[in-house]
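Chemist: Quick check, what structure comes out for this input:
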Amino acid sequence: MAVLHSESRLQKLDFWLRNPDYLADELLNDYERDPDPRVLDIVGEILDSEEPEICAIPMTRYLFGAFENLDRALSLLVTPGLLVVKPQRGAVGTVIRDSYYLTQKGREISDQATAGFPELAWYTTRARLVKALAEATGHSALALRKRQYLQRDYAQTPLGEIIPSIADKARKRLEELRKSLLEGDAA
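Modeler: Coordinates of the predicted model:
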């Protein structure tokens, strides 16, 4: 059984999964800190395609970053027993944190769906990228939020507004980094 603690953390991870342009931009940040050509290849897979336009599911910016009410989406997983949500209660009975458990049945259904429809493997691939990015960031919701707020377009989105795409900016940045890499190889 897999578990993820904290709705806030889930919201941060969900943002990168739903916004491939922001995921690619963060991977470019990592590349600039530690130039690994494999990272440019991964970012190229994302940005050289229409993935940022086709796969994007916009989110609204609220006080603590990207947010969407998860109840409706998660109910599709909770009702058939694919996901279990367990609230952790504080001393006064208030919920201080939710934990999300992927059940064995949920894992089996996911594996069956991916085997039957290979195009769904995209979600697994991107989820692994998001997980790696989160691990490199420090995993906590606060660390993820701070990292996301370093992206100017994200941070400057007015409260209550949809966070805009940065696909064109990320593509330009990728092009510049590729050019720089080629110039460096030619030297």
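Chemist: Can you identify the helix in this structure that spans the most residues?
Modeler: helix 167-186 (DSSP state H).
Chemist: List the contacts of that helix.
Modeler: If you take Cβ atoms under 8 Å, 6 or more residues apart in numbering as the criterion, helix 167-186 is touched by 21-22, 24-25, 28, 31-32, 35, 37, 40, 43-44, 47, 52-53, 153. C-betas here are computed from N, CA, C, even on glycine.
Chemist: now, which of these lie within helices?
Modeler: Those of these lying in helices (DSSP H): 21-22, 24-25, 28, 31-32, 37, 40, 43-44, 47, 52-53, 153.
Chemist: sorry, back to before: for the longest helix of the chain, the distance to its chain's centre please.
Modeler: 23 Å (Cα atoms, centre = their mean, to the nearest Å).
Chemist: just the angle between that helix and helix 20-33, please?
Modeler: Here the directions of helix 167-186 and helix 20-33 differ by 30 degrees (axes from the mean of the first three to the mean of the last three Cα atoms, to 10 degrees).
Chemist: in helix 167-186, what counts as buried?
Modeler: Ala167, Ala170, Arg171, Arg173, Leu174, Leu177 (16 or more other Cβ atoms under 10 Å).
Chemist: Neighbours of the closest residue to Ile42 other than its chain neighbours, how many?
Modeler: Distance criterion Cβ to Cβ, 6 or more residues apart in numbering; nearest residue to Ile42, sequence neighbours excluded, is Leu27 at 6.3 Å. Using other Cβ atoms under 10 Å, Leu27 has 24 neighbouring residues.
Chemist: Over to Tyr62?
Modeler: 13.
Chemist: does it have beta-bridge partners, and which?
Modeler: Gly65 (DSSP bridges).
Chemist: Could you double-check that it sits in contact with Gly160?
Modeler: Yes - with contact defined as Cβ atoms under 8 Å, Tyr62 reaches Gly160; the gap is 7.1 Å.
Chemist: quick revisit: I'd like to know which of the buried residues of helix 167-186 is nearest to Asn69.
Modeler: Asn69 lies nearest to Ala167 out of the buried residues of helix 167-186, by Cβ to Cβ, at 25.5 Å.
Chemist: any idea how far Lys146 is from the closest one?
Modeler: 23 Å (Cβ to Cβ, to the nearest Å).
Chemist: Leu70 now?
Modeler: 22 Å.
Chemist: Then Thr157?
Modeler: In terms of Cβ to Cβ, Thr157 sits 16 Å off from Lys146.
Chemist: Compare those two (neighbour count), which wins?
Modeler: Thr157 (18 against 14).
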